[in-house]
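1. sequence-free structure coming up:
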């Protein structure tokens with residue numbers, strides 16, 4: 001009786017070699033699985049860096065269908081072109097934006113304050129104690145001056 005056995009490919013191998021071949025096949029399979037997980041993780045990281053919420057079911061269609069280069073900036077641009085993302089907006093409170101707009105229009109000489117209904121102006125005017133306070137408020141809000149008695 002021979003010490004050789006035939007493997008699944010019909011090749012005669014020694015018993016020790018058969019165990020080695022099986023071990024190599026298992027290691028190769030483990031390597032392929034690890035590479036697949038790493039590629040998936042790289043892809044998810046690129047989408048996360050691009051600002052894509054992977055938990056959003058609407059965006060999952062974009063993630064599944066995207067076949068471009070795995071680069072955060074290119075992914076972001078493709079998502080904006082496809083309408084899945086909008087251009088980033090600054091994290092400035094609405095109140096502050098309104099104040100900036102008001103200051104810009106006042107400094108440009110255009111009047112945006114409705115002096116009869118603007119609550120901020122009317123409150124400040126009610127708290128004014130002297131003629132100089134009133135004049136300062138009028139200058140601040142761009143109110144047209146009339147002569148004072």
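-> Okay, I see it. Source: prediction; values computed, not measured.
2. Okay, domains of the chain per the record?
-> Annotated domains of the chain cover 5-81, 94-141 [automatic domain parsing].
3. how about the longest helix along the chain: buried residues?
-> Secondary structure assigned by DSSP state H gives helix 15-49 as the longest helix of the chain. Neighbour-count burial for helix 15-49 flags 46, 47 (criterion: 16 or more other Cβ atoms under 10 Å). All C-beta atoms are positioned from the backbone trio N, CA, C, and that covers glycine.
4. tell me the mean pLDDT over that helix?
-> Mean pLDDT, computed over helix 15-49, is 87.
5. which secondary structure elements does it contact?
-> Judged by 3 or more Cβ pairs under 8 Å, 6 or more residues apart in numbering; DSSP states H and E, helix 15-49 is in contact with helix 72-81.
6. Which SSE is immediately downstream of the helix it packs on?
-> Downstream of helix 72-81, the next assigned helix or strand under DSSP states H and E is helix 94-107.
7. what are the phi and psi angles of residue 92?
-> Phi and psi for residue 92, reported as degrees, to the nearest 10, are phi -110, psi 130.
8. Report how many residues lie close to it.
-> Look at residue 92: counted by other Cβ atoms under 10 Å, it has 9 neighbours.
9. Could you measure from it over to residue 98?
-> With distances taken as Cβ to Cβ, to the nearest Å, residue 92 is found 10 Å from residue 98.
10. what's the answer for residue 73, then?
-> 32 Å.
11. ok, now residue 91?
-> With the distance defined as Cβ to Cβ, residue 91 ends up 15 Å from residue 98.
12. Show me which of the two is the more surrounded one.
-> Set side by side, residue 91 and residue 98 show more neighbours around residue 98, with 12 against 5, by other Cβ under 10 Å.
13. per-residue confidence at the more buried one?
-> With respect to pLDDT, residue 98 has a value of 77.
14. Mind telling me what element the most centrally placed residue in the chain is part of?
-> Closest to where the C-alpha atoms of the chain average out (Cα atoms, centre = their mean) is residue 51, at 3.2 Å. Counting by DSSP H and E, no helix or strand carries residue 51.
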